[in-house]
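In: attaching a predicted model along with its sequence, questions to come.
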Amino acid sequence: MISFRRRLQKNKIIQSLASIRITVVCLTLLFILTFWGTVAQVQQGLYFAQQKFFFSWMFLASGFVPFPGAKAVLFVLFINLICVSIVRFVYRKENIGILIIHLGLLSYFVSAYITYKVVKESNMMLLEQEASNVSKAYHDWEIALWAQDDLNPQKRRVYAYDTNQAKSNDVFDFPAYHLVLEIKDYYPSAQAYLSRAEKETVDYLNGSGIKQVTKIAPSKEPEKNRPAVLLTLKDTASNKTWPVLLYGDETHPTQIKIERKVYNLVLRRKAYQLPFTLRLDDFKMETHPGTQTARSYESHVTIEHDGLKRSTVISMNKPLRFKDWTLYQASYSIDARGREYSTLAVVQNWGQILPYISSLLTFLGLSIHFLFMAVVRKNKKT
Amino acid sequence: MRYMNIAILLLIFAAGCGPKDSAMREYDEVSIESPLASPKSLPEGNLTKEDVMDSMTMEIGPLQPISRDMGSEALDVSLSWQKPQHWSEEPGQGMRIATFRSDDNPIECSIVSLGGMAGGLEANIKRWLGQIGLELDDDQLKEFITSQEKLTTKDGIKMALLNFTALQNDLGGESPSMIATILEKDNKTIFIKMTGSKESVLKEYEAFKSLCLSLKLNHD
């Protein structure tokens, strides 16, 4: 083990990557990116600023100057810290506290990376006495297809493709139904019309009566964007094709009848299946006296999992936790018919314990190091 | 040493890469509709807290299967109008058919189409009153509706022009106000609503009236 470490210490690449200059440059870049991203989000909106400055490897400043994104900077800093621990670190018992602190810092990077990769944020909007086992993403969309089953209308097997990267000529295959979708056009943000322009000659199938869509500039609040897709649906058994138009989050799916079987096709926010079914039994709200402003609101729900049911309350300060899923009371709405909807924020993050472990390690390392220094100083005095 | 260098570089490169997410996903979706999902009238005296129609979270009604084969006829009734000259129009999305703004006064006018009864006239008036901080009892509400100007378009569509500024005589010109109308036709309810300050809305009254009178319901 020691000789392997010695070999690594002598490696020129690892020595270069352990340079303190890299650490300083990375920290400086992180400072610049944090300041720049914070200012930019006023103009560009929070989501696009995050994507550009913090979740990218690189972006073009002023449209033509390449600048590293936070993802690249943190990656380099992580490699740098590992190489520092190989090359520079002196492994003595007096440095055990510093070693643990260093381990804690490295584990922060690991936990941040794992959280970035695995966390899923979505929401559920339920009408009173409605039940569901899926939550919907904020910004991601999918084309979903399922076969109509009138004998079991409450449960369906859904096949879906993510469409965030969809482009013309993409093909989505649904082998279970012998169906293939070929994308003609995909608009990340679109306007829908109930009437058709004279030059538009194709009569698209659409469940809401939409005749035409046009591409529009995306909003800087991406949750307001509604995409549209023009596609060709093909039955590979008979080679019949149908032109279909789907618009984001339509109330009705587009239904196509193929040989006595009805298929539902929809473009909607990406759905995440929860490990349980949630039913909103009652939504309760209190307002400040004499006003219409909500003071507090809570959802009385029933969770069904593996045949067992449990009732509980989700309120503003009391989320529901189930394995690695957490549901928070986020919002509510009431429609013109007086029906109350509860909106729950749903987060799945199996790495949620990792930052706590990292903090504990760092705290432990600091405590050990300070204790050690205190003992050494006391021994020197005596 | 050379192989170690290659291994180190490959390890670093692999750590930065990730798989592209393009595979088909399968999942079982459970969806149990609420019995409240069927269309019903808004209960008497029940004021809504926010205008959810403008944020497009309304449902048209329970899921209506529409079987479609090639060449089937259109199911929707489309609406056309003549906008006032000094107004600009933005195409709508979903249930909001169109939005208008005036070049002269800071108002916003929207046309929203919903299926079914959508609550009825009195319930919607009460909701709008709540939005601008006003309240009327049942007798006052009936008197208000009776006293409003009645319009009939060339196609025979009847509507009442609900001028809420008439209830704000003792309030200043900057108070939030609206003028609206509701019309029901062919199992749809169409809301035309202009909002802004009391002063702005009054200045655009004739323009709003001309928009309402120009409405036509077209069958494809």
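Out: That came through fine.
In: check contacts around the nearest residue to residue A:237 once chain neighbours are set aside.
Out: Leaving out its chain neighbours, the residue that sits closest to residue A:237 by CB to CB, 6 or more residues apart in numbering or on different chains is residue A:178, at 4.7 Å. Every residue, glycine included, has its C-beta placed from N, CA and C. Each residue near residue A:178 by CB atoms under 8 Å, 6 or more residues apart in numbering or on different chains is listed here: A:235, A:236, A:237.
In: same thing with residue A:254?
Out: A:205, A:206, A:207, A:244, A:245, A:246, A:264, A:265, A:266, B:68.
In: could those go into TSV alongside pLDDT and distance to residue B:99?
Out: Supplementary listing: these in TSV, determined by pLDDT from 0 to 100; distance: CB to CB, whole Å:
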residue	pLDDT	distance to residue B:99
A:205	90	28
A:206	88	22
A:207	85	24
A:244	94	28
A:245	93	23
A:246	94	24
A:264	93	31
A:265	95	29
A:266	95	26
B:68	27	30
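In: helices of the chain, residue ranges please.
Out: By default, I'm working from chain A. Secondary structure of chain A (DSSP state H): helices at A:2-10, A:12-17, A:20-44, A:46-49, A:70-87, A:96-118, A:354-381.
In: I was thinking of chain B, sorry if that wasn't clear
Out: So, for chain B - with DSSP H - the helices run B:2-16, B:121-131, B:138-147, B:198-203, B:205-213.
In: the second one to helix B:138-147, inter-axis angle?
Out: Okay, so that is helix B:121-131. 100 degrees (axes from the mean of the first three to the mean of the last three CA atoms, to 10 degrees).
In: residues of helix B:121-131 that come out buried?
Out: Across helix B:121-131, burial judged by 16 or more other CB atoms under 10 Å in any protein chain shown covers B:121, B:122, B:123, B:124, B:125, B:126, B:127, B:128, B:129, B:130, B:131.
In: quick one: least confident helix or strand in chain B?
Out: Sorting the helices and strands of chain B by mean pLDDT, DSSP states H and E puts strand B:67-68 at the bottom, at a mean of 27.
In: my guess is residue A:305 meets residue A:274, correct?
Out: No: if you go by CB atoms under 8 Å, residue A:305 and residue A:274 don't touch, sitting 9.2 Å apart.
In: can you pull up the bridge partners for residue B:100?
Out: residue B:89, residue B:109 (DSSP bridges).
In: quick one: the residue nearest to residue A:237 from chain B, how far?
Out: 14 Å (CB to the nearest CB, to the nearest Å).
In: so what's that residue scoring on pLDDT?
Out: pLDDT for residue A:178: 92.
In: quick one: least confident helix or strand in chain A?
Out: helix A:2-10 (a mean of 75).
In: tilt between that one and helix A:70-87?
Out: 130 degrees.
In: in helix A:2-10, what counts as buried?
Out: residue A:8.
In: that one near chain B at all?
Out: Yes: using CB under 8 Å from any CB of the partner chain, helix A:2-10 comes into contact with chain B via A:7, A:8.
In: what's that helix packed up against?
Out: For helix A:2-10, the packing partners by 3 or more CB pairs under 8 Å, 6 or more residues apart in numbering or on different chains; DSSP states H and E come out as helix A:70-87.
In: quick one: contacts for residue A:166?
Out: Residue A:166 neighbours (CB under 8 Å, 6+ apart): A:143, A:183, A:186, A:229.
In: swap the cut-off to 7 Å and go again
Out: Contact analysis of residue A:166 by CB atoms under 7 Å, 6 or more residues apart in numbering or on different chains lists A:183, A:186, A:229.
In: mind pulling up the pLDDT for the last one?
Out: In the prediction, the pLDDT value recorded for residue A:229 is 95.
In: next one: the first one
Out: You'll see residue A:183 listed with a pLDDT of 95.
In: so it sits against residue A:165, correct?
Out: No: between residue A:183 and residue A:165 there is no contact under CB atoms under 7 Å: 11.0 Å.
In: save the helices of chain B as JSON lines, and put in distance to residue A:27 and mean pLDDT too.
Out: Converted to JSON lines, those look like this (distance: least, CB to CB, whole Å; pLDDT from 0 to 100):
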{"stretch": "helix B:2-16", "distance to residue A:27": "20", "mean pLDDT": "61"}
{"stretch": "helix B:121-131", "distance to residue A:27": "51", "mean pLDDT": "82"}
{"stretch": "helix B:138-147", "distance to residue A:27": "66", "mean pLDDT": "85"}
{"stretch": "helix B:198-203", "distance to residue A:27": "53", "mean pLDDT": "91"}
{"stretch": "helix B:205-213", "distance to residue A:27": "60", "mean pLDDT": "93"}
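In: on that earlier part again, using TSV, lay out the contacts of residue A:166 together with distance to residue B:139 and neighbour count.
Out: What follows is the contacts of residue A:166, written out as TSV (distance: CB to CB, whole Å; neighbours: other CB atoms under 10 Å in any protein chain shown):
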residue	distance to residue B:139	neighbour count
A:183	59	19
A:186	56	23
A:229	53	24
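In: that older thread, of all the helices of chain B, which one is nearest chain A?
Out: helix B:2-16 (5.4 Å; CB to the nearest CB).
In: tally of neighbours for the spatially closest residue to residue A:139 that is not a sequence neighbour?
Out: Nearest residue to residue A:139 in three dimensions, chain neighbours excluded: residue A:222, at 4.8 Å (CB to CB, 6+ apart). Neighbour count for residue A:222, taken as other CB atoms under 10 Å in any protein chain shown: 17.
In: ranges for the strands of chain B?
Out: B:25-32, B:67-68, B:77-80, B:87-93, B:96-102, B:107-115, B:149-152, B:158-163, B:176-185, B:188-197, B:216-219 (DSSP state E).
In: weakest of these by average pLDDT?
Out: When I compare those, strand B:67-68 is least confident, with a mean of 27.
In: please tell me how far the residue lying closest to residue B:144 once chain neighbours are set aside sits from chain A.
Out: Closest residue to residue B:144 in three dimensions, ignoring its sequence neighbours and counting by CB to CB, 6+ apart: residue B:136, at 6.1 Å. As judged by CB to the nearest CB, residue B:136 and chain A stand 16 Å apart.
In: let me know whether residue B:136 touches residue B:142 as I believe.
Out: No: using CB under 7 Å, residue B:136 makes no contact with residue B:142, being 9.0 Å away.
In: looking at these two, which is more packed in?
Out: Per other CB under 10 Å, whichever of residue B:136 and residue B:142 has more neighbours is residue B:136, with 16 against 12.
In: any idea how many residues pack against the closest residue to chain B within the stretch 201-350 of chain A?
Out: Nearest residue of the stretch 201-350 of chain A to chain B, counting by CB to the nearest CB: residue A:209, 3.4 Å away. By other CB under 10 Å, the residues close to residue A:209 number 17.
In: give me the phi and psi angles of it.
Out: Here is the backbone geometry of residue A:209 (degrees, to the nearest 10): phi 80, psi 10.
In: residues near residue A:77, how many?
Out: Residue A:77: 20 neighbours (other CB under 10 Å).
In: need the pLDDT of it.
Out: 90.
In: isn't it right up against residue A:26?
Out: Yes: using CB under 7 Å, residue A:77 is in contact with residue A:26, at 4.1 Å.
In: list the residues that contact residue A:221.
Out: Residue A:221 neighbours (CB under 7 Å, 6+ apart): residue A:45.
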